[in-house]
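Enquirer: Structure, please.
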Amino acid sequence: MADIKQQIFQELAHLEDAVVRLRGTAIHAGKQTDLEVAILTEQVRALRDKNAHASKMIDESISILEKLKK
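Expert: Predicted coordinates:
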């Protein structure tokens, strides 16, 4: 009976260790996801700024070409 109790306690200790590791992994994954989202948000913001600038330059180019065409 004592051996069975000892085995149960050992299994519970292993299970507790596994839970601690999984929680750590989940927390790390959440932080990594937050970082990835922040990076992607910054990249999207930069691309939108570049797109707006490119659109403005295209509009200016079209305006110049229309003036030269006249």
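Enquirer: From here on, just use CA atoms for contacts and neighbour counts.
Expert: OK.
Enquirer: Spatially central residue in this protein, please.
Expert: Most central in the chain under CA atoms, centre = their mean is E36, positioned 2.3 Å from the mean C-alpha point.
Enquirer: State the distance from it to L47.
Expert: 16 Å (CA to CA, to the nearest Å).
Enquirer: next one: L35
Expert: For L35, the distance to L47 (CA to CA) stands at 18 Å.
Enquirer: same deal with A13?
Expert: To L47, A13 is 51 Å away according to CA to CA.
Enquirer: Same question for A26.
Expert: Separation of A26 from L47 (CA to CA): 31 Å.
Enquirer: what about the helices in the protein?
Expert: Assigned by DSSP state H, the helices in the chain fall at 2-69.
Enquirer: so where's it shaky on pLDDT?
Expert: Low-confidence segments of the chain (pLDDT under 70): none present.
Enquirer: and stretch 42-62, which residues are buried?
Expert: Buried residues in stretch 42-62, counted by 16 or more other CA atoms under 10 Å: none are found.
Enquirer: what distance separates that stretch from the middle of the whole chain?
Expert: How far stretch 42-62 lies from its chain's middle: 24 Å, per CA atoms, centre = their mean, to the nearest Å.
Enquirer: now what about it, what contacts it?
Expert: Counting contacts by CA atoms under 8 Å, 6 or more residues apart in numbering, no residue outside stretch 42-62 touches it.
Enquirer: again, only using 10 Å
Expert: 36-41, 63-68 (CA atoms under 10 Å, 6 or more residues apart in numbering).
Enquirer: What of stretch 10-20?
Expert: 4-9, 21-26.
Enquirer: so which pair among the residues you listed is furthest apart in space?
Expert: Largest separation among these by CA to CA: I4 and A26, giving 32.5 Å.
Enquirer: neighbour-wise, which of the two wins?
Expert: A direct count of neighbours by other CA atoms under 10 Å for I4 and A26 places A26 higher, at 12 against 9.
Enquirer: gap between the more buried one and D59?
Expert: A26 sits 49 Å away from D59, taking CA to CA as the criterion.
Enquirer: Kindly report the same for G24.
Expert: 52 Å.
Enquirer: Also F9?
Expert: Taking CA to CA as the measure, F9 falls 74 Å from D59.
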